[in-house]
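[1] Need coordinates for the below:
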Amino acid sequence: MCKNLARASALLLAATFAFQSVGANAEAGPSQPVKPPLKVGFVYVSPIGEAGWTYQHDQGRLAMQKALGDQVKTTVVEAVAEGADSERVIRDLAAQGNQLIFATSFGYLEPTLRVAAEFPGVKFEHAGGYRTAANVNTYNARYYEARYLAGLLAGKTSKTGVAGYVAGFPVPEVVQGINAFTLGMREANPKATVRVVWLNTWFDPAKEREAALTLINQGADVLTNHSGSPAVAQTAQAHVKQGVRVISYQSDMRAFAPDAQIAAITQHWGGYYTQVARSVLAGSWKPQPVWGGMKDGLVELSAVSTSVPAGVRTLVDSRRAAIIAGKFEPFVGPITDSDGHVHAATAPGASLDDGQIASMNWFVQGVVGSVPKP
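    From the prediction side, this is the model:
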């Protein structure tokens, strides 16, 4: 998730090939089984807190510990800034004997690759990256699948037809989510619009709150976000009497917005972390990039409020089942962009391929805002 704008141009160039050629030059040697307990390190970009990106990764760690018991021993380092700090922490974890390290922020990619070259016997898993090595793998989720469902729900429940989207940085993962949300919302209401405010940060509760207020003042009665704190959900709760609702991101945030939340897009890493740890213990681990979706249990539209009409819930459930079964995809051409032109990459009736989705740097029709150039 946590990507800084300075690195975005490199990602945009590389992402087209991220799921086609990544790892092609990363031929790993034979792994050896590891005698328990497997020492596993986790590096987090923000405090664990009670909700959000880091909280969900830590829930995954706890699920892994519960599943594997004394076969694993974990160490956590939280609130680690990207750059030199992360490289120092990752190197320290490797030097302390951790045999598997999860680096859970995009800005940790280059530091992880450098440390991995120094510790060839350690296995590294990086969240959201686009490069691998003999002992470095990448993993991510297709958040845009649940974003589409969230947009469909927003379109069916919004009274103003305006949604507000608080967004961190204009990198493809965020753009995918905004576009999928907008396509879903406009399926329900073809005149709906999604207004975007860029933060240029991932975790700043004050800026997130200010952006949410700006969007409410622009007529948004449904908020969502791609940022790291509960501030957007809390802002919706503070304005619930004005009819403002929220579709939370990363975590179920009913604790922060008990009346305002109508659903949450949630991330689930426990199964994946358990699988990876088992493969290292068994000596079968290898760098094989993962980009899983709802069918893999990595992302879900959760906690749909009982206030949502039954017919809307049925529609969302039906579309969820179709996505999981591979019978429906959010990005199918022709798709009109925010300039009113059919986008060149969207052939009629054809789905965008992974490379096109992974390098997405344009908005669909209905988005009010622009994608800043890195």
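
[2] check contacts around residue 136.
    26, 112-113, 116, 124-126, 287 (Cβ atoms under 8 Å, 6 or more residues apart in numbering). (Each C-beta comes from the backbone N, C-alpha and C, glycine too.)

[3] any idea where the strands of the stretch 1-150 of the chain begin and end?
    38-43, 72-77, 100-103, 123-127, 136-141 (DSSP state E, counting those that start in this stretch).

[4] circling back to that earlier point, show me which of the contacts of residue 136 is closest to residue 72.
    If you rank the contacts of residue 136 by distance to residue 72 using Cβ to Cβ, residue 125 comes first, at 13.8 Å.

[5] what's across from the closest one in the sheet?
    For residue 125, the residues forming beta bridges with it (DSSP bridges) are residue 102, residue 137.

[6] Just the pLDDT for it.
    pLDDT recorded at residue 125 is 98.

[7] Touching, it and residue 137? I think so.
    Yes - counting by Cβ atoms under 8 Å, residue 125 touches residue 137, with 5.2 Å between them.

[8] Now do the shared contacts for the two.
    residue 276.

[9] Please name the residues that touch residue 187.
    151-152, 155.

[10] What backbone torsions are found at it?
    The phi/psi pair for residue 187 (degrees, to the nearest 10) reads phi -70, psi -40.

[11] What distance do you get for it to residue 89?
    44 Å (Cβ to Cβ, to the nearest Å).

[12] Deepest-packed of the strands of the stretch 1-150 of the chain, please.
    strand 100-103 (a mean of 28; mean count of other Cβ atoms under 10 Å).

[13] name the helices or strands packed onto that one?
    strand 38-43, helix 84-95, helix 109-118, strand 123-127, helix 270-282 (3 or more Cβ pairs under 8 Å, 6 or more residues apart in numbering; DSSP states H and E).

[14] Show me the contact partners of the second one.
    If I follow you right, that is helix 84-95. 41, 43, 75, 77, 80, 101, 103, 105, 107-108, 111-112, 114-115, 118-119, 122, 124.

[15] Hmm, residue 161 is touching residue 192, no?
    Yes - counting by Cβ under 8 Å, residue 192 is a contact partner of residue 161 at 4.6 Å.

[16] Could you name every residue contacting both of the two?
    Listed as contacting both residue 161 and residue 192 by Cβ under 8 Å, 6+ apart are residue 155.
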